[in-house]
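In: The sequence isn't on hand, but the structure is:
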């Protein structure tokens, strides 16, 4: 079986998964392809209207906005002392900066938002990583895939092949394959297949090209969000790597149907069917009685054997039942989407952190998937650069990098945090209350969750030095004045000389043991800081 047949087989195996993705996309895109409400058996109910609410779109948009707001940074740790981890981190940052600068030319805005949307809506993400090397310059061809149109197969615990089959416009195809002889059709199906030996490009039903795979492996990074079923049932594929809608996927259509019923009743209230009440003797048993659909149609007049004139057809207790059902459905949607957290006004530090934790549980698996995928992208990129460049330096964008400094025994991970003053103060207050019970370093690392607890501690010690010794403070002041003088301020040099006349004798006295510096009082953060008065919101 060739690669294209394997790809089609995998697509058939994942048909239920793709159907799930399509259903989720319809919910988010507010697709309304129904003219009428459908009954429990699926039959259309005439003389009704069907409404689609924006709950799914608002929820997905809110989760994606939070993910996009996360501050991301690479963390490189080396086992060998002296290895320049900052250099590798700079390379990683610069690599993705170059990627983002090139993606608009293939009609994709930026990598992170694309990956976040894939992880939120599809439950997985994939990226093609093919580095090129021309005239001493590395060109990162990092292209994210929409996993709805992605298929893969495995062998020996690694990717044995992938297929990315999408419908593309003429301009999109010609931008990558300018030698393709385009016909009169506007859109053509393109299938990009990678196996370790070659890269097949199928346009329509024809094999356009099949170059050798110079990388020796399938250059695709792929990750599944670790939410959903991890069982091995025969129909498990559609439950793996769940989208963020998986808890409310079946509730939203019911809510739409309920709202549609309410709106249908409202419209019938404006132009309701009437009943004409006649005495029994005036009613002909052979009268042509309209069917149910015609009798309930707005504007219809129906005859019933009663005294009196015209009256409205009774609606019954439908509205009360609808209200009860609406409350049941909406409360479950709120619990699953954390909508109620938006109306809370937490004041204490613990309340704030509880809200943050609840929302973090929702988004962190998807952030972790983004970080893990980007880690694989970097490792794959460095491996390819090493193969292409072999040794020496190379240019990435406008910057030169030394290949040797990127190779070594180190680990790469991604860390994320959110810049929120209210949450920071809440964690600080809890940390202060635990001083004496836990080490300060553990408070900074575990409770305050500082990005760089070691660097923070070093900075604290640096600041405490001048609080403990007036000589240190005077010395640093002289250095600062001299720096200002170098920038062209003549008065700063005079002030530095004046301070030196005090500093030098003070140093001599201290060395002779004739002066004991009096430390200043070290200021502590007040424990009564109010978090409720701070601006900003939780995650």
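Out: Arrived safely. All values reported here derive from a predicted model rather than from experimental measurement. Residues are numbered from 1 along each chain as shown.
In: Quickly list the domain ranges of this structure.
Out: Using automatic domain parsing, the domains assigned to the chain come out as 3-248+364-413, 251-325.
In: Between the two ends of the longest one, how far is it?
Out: It refers to domain 3-248+364-413. Domain 3-248+364-413 has an end-to-end distance of 33 Å (criterion: CA to CA, to the nearest Å).
In: now that domain: how far from the chain's centre is it?
Out: 13 Å (CA atoms, centre = their mean, to the nearest Å).
In: Sketch out the helices for the stretch 101-250 of the chain, chain order is fine.
Out: In the stretch 101-250 of the chain, the segments counted as helices under DSSP state H, counting those that start in this stretch are 111-117, 170-176.
In: Can you tell me which of the ones you listed is packed in deepest?
Out: Highest mean neighbour count among the helices of the stretch 101-250 of the chain (mean count of other CB atoms under 10 Å): helix 111-117, with a mean of 20. (Each C-beta comes from the backbone N, C-alpha and C, glycine too.)
In: Go through the helix or strand harbouring residue 7 and flag the buried ones.
Out: According to DSSP states H and E, residue 7 maps onto helix 3-13. The neighbour-count check on helix 3-13 (16 or more other CB atoms under 10 Å) flags 3-4, 6-7, 10-11 as buried.
In: most packed of the domains of the chain?
Out: domain 3-248+364-413 (a mean of 16).
In: pLDDT (mean, whole number) over that one?
Out: For domain 3-248+364-413, the mean per-residue pLDDT is 92.
In: Nearest to the spatial middle of this structure, which residue is it?
Out: Centroid check for the chain by CA atoms, centre = their mean gives residue 116 as the closest residue, at 3.2 Å.
In: Spatially nearest residue to that one, not counting backbone neighbours?
Out: residue 67 (4.2 Å; CB to CB, 6 or more residues apart in numbering).
In: what residues are up against that neighbour?
Out: Counting by CB atoms under 8 Å, 6 or more residues apart in numbering, residue 67 makes contact with 116, 119-120, 363, 366-367, 370.
In: again with residue 417
Out: Contact analysis of residue 417 by CB under 8 Å, 6+ apart lists 70-71, 449, 451.
In: ok, now with 6 Å
Out: 71, 451 (CB atoms under 6 Å, 6 or more residues apart in numbering).
In: same deal with residue 382?
Out: Contacts for residue 382 (CB under 6 Å, 6+ apart) come out as residue 406.
In: just the strands in the stretch 1-150 of the chain please.
Out: 37-38, 44-45, 71-78, 124-134, 137-145, 150-155 (DSSP state E, counting those that start in this stretch).
In: In terms of pLDDT, where does residue 486 sit?
Out: Here, the pLDDT recorded for residue 486 equals 90.
In: I misspoke; the intended subject was residue 532.
Out: For residue 532, the pLDDT comes out at 44.
In: How about the one 4 residues further on?
Out: According to the predicted model, the pLDDT of residue 536 comes to 39.
In: and what of residue 285?
Out: 64.
In: again, but for residue 294
Out: pLDDT recorded at residue 294 is 74.
In: any idea which element it lies in?
Out: Assigned by DSSP H and E, residue 294 belongs to helix 292-295.
In: Quick check: phi and psi on residue 29?
Out: As for residue 29, its main-chain torsions (degrees, to the nearest 10) stand at phi -90, psi 10.
In: Any figure for the gap between it and residue 141?
Out: To residue 141, residue 29 is 30 Å away according to CB to CB, to the nearest Å.
In: ok, for residue 177, nearest residue in space, not its chain neighbours?
Out: residue 208 is the one closest to residue 177 (CB to CB, 6+ apart), at 6.4 Å.
In: next one: residue 203
Out: Nearest residue to residue 203, sequence neighbours excluded (CB to CB, 6+ apart): residue 190, at 5.4 Å.
In: That neighbour is in contact with residue 202, isn't it?
Out: No: with contact defined as CB atoms under 6 Å, residue 190 and residue 202 do not form a contacting pair (7.0 Å).
In: If residue 413 is in a bridge, with which residues?
Out: When assigned by DSSP bridges, residue 413 has beta-bridge partners residue 75.
In: these two touch, right, it and residue 75?
Out: Yes: the pair residue 413 and residue 75 passes the contact test of CB under 6 Å, sitting 4.9 Å apart.
In: hang on, residue 382 in a helix?
Out: Yes: per DSSP: H, G, I helix; E, B strand; the rest coil, residue 382 lies within a helix segment.
In: Look up the pLDDT of residue 302 for me, please.
Out: 67.
In: My error: substitute residue 329 in the last question.
Out: Here the pLDDT value assigned to residue 329 is 76.
In: With the flanking residues excluded, which residue is spatially nearest to it?
Out: Sequence neighbours aside, residue 255 is the residue nearest to residue 329 in space, at 5.0 Å (criterion: CB to CB, 6+ apart).
In: Which parts of the stretch 301-450 of the chain are strands?
Out: Counting by DSSP E, counting those that start in this stretch, the stretch 301-450 of the chain has strands at residues 301-305, 310-312, 393-396, 399-402, 410-417.
In: Let me know which of these is the nearest to residue 269.
Out: Residue 269 lies closest, by CB to CB, to one member of the strands of the stretch 301-450 of the chain: strand 310-312, at 8.7 Å.
In: Can you give the contact residues for stretch 145-161?
Out: By CB under 6 Å, 6+ apart, stretch 145-161 touches 3, 6-7, 10-11, 21, 118, 122, 124, 126, 162-166, 195, 218.
In: Swap in 7 Å and give it another go.
Out: Residues outside stretch 145-161 that contact it (CB atoms under 7 Å, 6 or more residues apart in numbering) are 3, 6-7, 10-11, 14, 18, 21, 118, 122, 124-128, 162-166, 193-195, 218, 220, 222.
In: And stretch 33-50, by the same measure?
Out: By CB under 7 Å, 6+ apart, the surrounding residues in contact with stretch 33-50 are 32, 257, 260-261, 263-264, 267, 293, 296-297.
In: Endpoints of that stretch, how far apart?
Out: End residues of stretch 33-50 are separated by 9 Å (CA to CA).
In: Same list, the helices of the stretch 101-250 of the chain, but as JSON lines with distance to residue 471 please.
Out: Formatted as JSON lines, the helices of the stretch 101-250 of the chain follow (distance: least, CB to CB, whole Å):
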{"stretch": "helix 111-117", "distance to residue 471": "48"}
{"stretch": "helix 170-176", "distance to residue 471": "66"}
